[in-house]
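S.K.: sequence first, then the predicted structure, then my questions.
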Amino acid sequence: MNTMLDSFWRAVMYCLHPRVIVLSILPVVIMGMLSLTLGYLYWEDALVAVRSSLESFELVNAMVHWLDGIGLGSLRLVLAPALVLFLSIPVIVIVTLLLVAVFMTPSMVALVASRRFPQLERKKGGSMFASIIWSLGSTLLAIVALVATVPLWLVPPLILILPPLIWGWLTYRVMSYDALADHASREEREQLFRENRLPLLGIGVLSGYLGAAPSLLWASGAMFIAMAPILVPLAIWIYTLVFAFSSLWFAHYCLAALEQLRKRNSAAAQAPPAQAATELIVDESPKHVLTRPTAGGLPDSPTKLQDPFA
């Protein structure tokens, strides 16, 4: 817990570093331009597809008639745009996370290592290709979990638990691997994952709840569709800052845990030789000898007594 809190505050301070601020611009620019371009090209087609899908559900038609009956028929106009924005959230979150992992995390891990762990050996247990495969595989599993748990989101408590838990698991998988890829060997990384699974997952879940902050902007976007071109880049920027903070948190925690792991392994490796040297000294210690005089007064062959400390 102390390591988590220490890493948390260090990550907060590192977010104010000029290098981190500059690095956060690139994912925002890429994701913002991508979102606005796709919205410009496919927004109307997406609305038509969603409206036609909604009209095929009797429950939705009944709800629309009920809204007309109570004088809130105008809300039907924002139903399809709000649903399109809602469906866009997972895509934007996942792509932003991957952009941060690719363009920001390696540089931020190098920054943390150079300033706090300059003596930590780099064993190159991971690679960029392996990181991409690992991230894509984890993302696919997270998407499957999201789709499978969507019906459970209708239960009020679960919607506050399941999405942050899934986002936290995905963040933990992606960020922790990238934090250790350059410095830890494969064996060290696997050992750290086994020994620190719960703290790492806890950091990921807390980061997932922090990532829920832009949802307020999405709620506003559902009510004020005309503000979506402004709210979308703003939400992406907030997502980028949250994931950048999460990456720094994982970097501080994982590198500190790696340093402690190597100290423990080094101490354990030195213990057997020291023990063997102690046993050798005991074995070579002089034995207690008792001589028995003979009839001629000369000592007979010595009789060895067992050393009680041997």
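M.R.: Good, I have the coordinates.
S.K.: for the stretch 51-200 of the chain, just list every one of the helices.
M.R.: Using DSSP state H, counting those that start in this stretch, the helices found in the stretch 51-200 of the chain span residues 58-69, 76-103, 105-116, 128-149, 156-159, 162-180, 186-195, 197-210.
S.K.: helices or strands up against the longest one?
M.R.: Contacts of helix 76-103 with other secondary structure elements, assessed using 3 or more C-beta pairs under 8 Å, 6 or more residues apart in numbering; DSSP states H and E, are made with helix 25-55, helix 58-69, helix 128-149, helix 162-180, helix 215-223, helix 228-283. Where you see a C-beta, it was placed from the backbone N, CA and C, and this is true even at glycine.
S.K.: pLDDT weak spots in the stretch 51-200 of the chain?
M.R.: Residue ranges of the stretch 51-200 of the chain with pLDDT under 70: 55, 57-77.
S.K.: again, only using 80
M.R.: Along the stretch 51-200 of the chain, segments meeting pLDDT under 80 span 51, 53-83, 85-87, 89, 153-156, 159-160.
S.K.: hang on, the earlier thing: how about the helices of the stretch 51-200 of the chain, which one is nearest R264?
M.R.: Of all those, it is helix 186-195 that lies closest to R264, at 10.1 Å by C-beta to C-beta.
S.K.: please name every helix or strand in contact with the closest one.
M.R.: In terms of contacts (3+ C-beta pairs under 8 Å, 6+ apart), helix 186-195 is packed against helix 162-180, helix 228-283.
S.K.: now do the buried residues in that helix.
M.R.: Buried residues in helix 186-195, counted by 16 or more other C-beta atoms under 10 Å: E188, R189, Q191, L192, F193.
S.K.: ok, stretch 201-209 next?
M.R.: Buried-residue list, stretch 201-209, by 16+ other C-beta under 10 Å: L201, I203, G204, V205, L206, S207, G208.
S.K.: check the offset of it from the chain's centre.
M.R.: 8 Å (C-alpha atoms, centre = their mean, to the nearest Å).
S.K.: how close does L54 sit to L192?
M.R.: Separation of L54 from L192 (C-beta to C-beta, to the nearest Å): 48 Å.
S.K.: my bad, should have said L41
M.R.: Per C-beta to C-beta, L41 is found 44 Å from L192.
S.K.: got it, and T149?
M.R.: Applying C-beta to C-beta, the value for T149 to L192 is 29 Å.
S.K.: so what's the residue nearest the centre of the chain up against?
M.R.: The residue lying closest to the centre of the chain (C-alpha atoms, centre = their mean) is Y172, at 2.2 Å. Y172 sits next to L200, L201, I203, G204, V205, F250 when contact means C-beta atoms under 8 Å, 6 or more residues apart in numbering.
S.K.: kindly report the same for S185.
M.R.: By C-beta under 8 Å, 6+ apart, the residues touching S185 are K123, K124, G125.
S.K.: which among the residues you listed count as buried?
M.R.: Using 16+ other C-beta under 10 Å as the burial test, these include K123, G125 as buried.
S.K.: could I get the contacts of S185 as CSV with distance to A80?
M.R.: Formatted as CSV, these follow (distance: C-beta to C-beta, whole Å):
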residue, distance to A80
K123, 53
K124, 50
G125, 48
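S.K.: which among the contacts of S185 gets closest to L87?
M.R.: Nearest to L87 out of these is G125 (C-beta to C-beta; 37.7 Å).
S.K.: now R173: closest residue in space that isn't a chain neighbour?
M.R.: Take R173 and drop its neighbours on the chain: the residue closest to it by C-beta to C-beta, 6 or more residues apart in numbering is S138, 4.0 Å away.
S.K.: the one you found: how many residues sit nearby?
M.R.: Neighbour count for S138, taken as other C-beta atoms under 10 Å: 18.
S.K.: now E44
M.R.: 10.
S.K.: please apply the same query to the one 5 residues further on.
M.R.: Counted with other C-beta under 10 Å, residues neighbouring A49 total 13.
S.K.: how much space separates it from S127?
M.R.: A49 is 40 Å from S127, by C-beta to C-beta.
S.K.: list the contacts for V12?
M.R.: F245 are the contacts of V12 under C-beta under 8 Å, 6+ apart.
S.K.: which stretch of helix or strand covers it?
M.R.: In the assignment (DSSP states H and E), V12 maps to helix 2-14.
S.K.: and the helix or strand following that helix, what other elements does it pack with?
M.R.: Going down the chain from helix 2-14, the next helix or strand is helix 18-23, by DSSP H and E. The contact analysis (3+ C-beta pairs under 8 Å, 6+ apart) places helix 18-23 against helix 105-116, helix 228-283.
S.K.: how far off helix 162-180 does the last one point, in degrees?
M.R.: Angle, helix 228-283 to helix 162-180, by axes from the mean of the first three to the mean of the last three C-alpha atoms, to 10 degrees: 50 degrees.
S.K.: kindly report the same for the shortest one.
M.R.: Comparing the axes of helix 105-116 and helix 162-180 via the same axes, to 10 degrees yields an angle of 60 degrees.
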